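Peer 1: Prediction below, plus the sequence it came from.
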Amino acid sequence: MTLTSSTTIATEKASGYLQQLCKHFGHKIEVAFTPQTGWIKFDFGRADLEAVPTALKMTATAENEEDLARLERVLASHLERFAFREDLNINWES
């Protein structure tokens, strides 16, 4: 069974954050990205990212609820660290 959740985060810096996330994780795991889209393949799931002019869209996919929650936490914590100057609203929805 595959589980998915997604979030859309309002920011004018979506493309920059997408690229920063992918470059950060790309040192250790498989990633691919352009300024508008990207994906990150973790051992416990996959993140798909899309930058639009006013938001960063992230979709998390995993095989079970525990891995999905872990993936959501990893993505959110890293994004919050990179975007410390912004007050981002990250709400995951299944």
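Peer 2: Ah, there it is.
Peer 1: can you point me to the longest helix in the protein?
Peer 2: For the chain, the longest helix by residue count, based on DSSP state H, is helix 65-82.
Peer 1: what's the spacing between it and its chain's center?
Peer 2: When distances are taken as CA atoms, centre = their mean, to the nearest Å, helix 65-82 is centred 8 Å away from the chain's centroid.
Peer 1: And stretch 86-93, by the same measure?
Peer 2: Taking mean C-alpha positions (CA atoms, centre = their mean), stretch 86-93 and its chain are 11 Å apart.
Peer 1: Just the buried positions in it, please.
Peer 2: Counting neighbours by 16 or more other CB atoms under 10 Å, one finds that the buried residues in stretch 86-93 are L88, I90, W92. Heads up, the C-betas are built off the backbone N, CA and C, glycines and all.
Peer 1: Might one say that the second one is in contact with S77?
Peer 2: In other words, I90. No - taking CB atoms under 8 Å as the contact criterion, I90 and S77 are not neighbours in contact, 9.5 Å apart.
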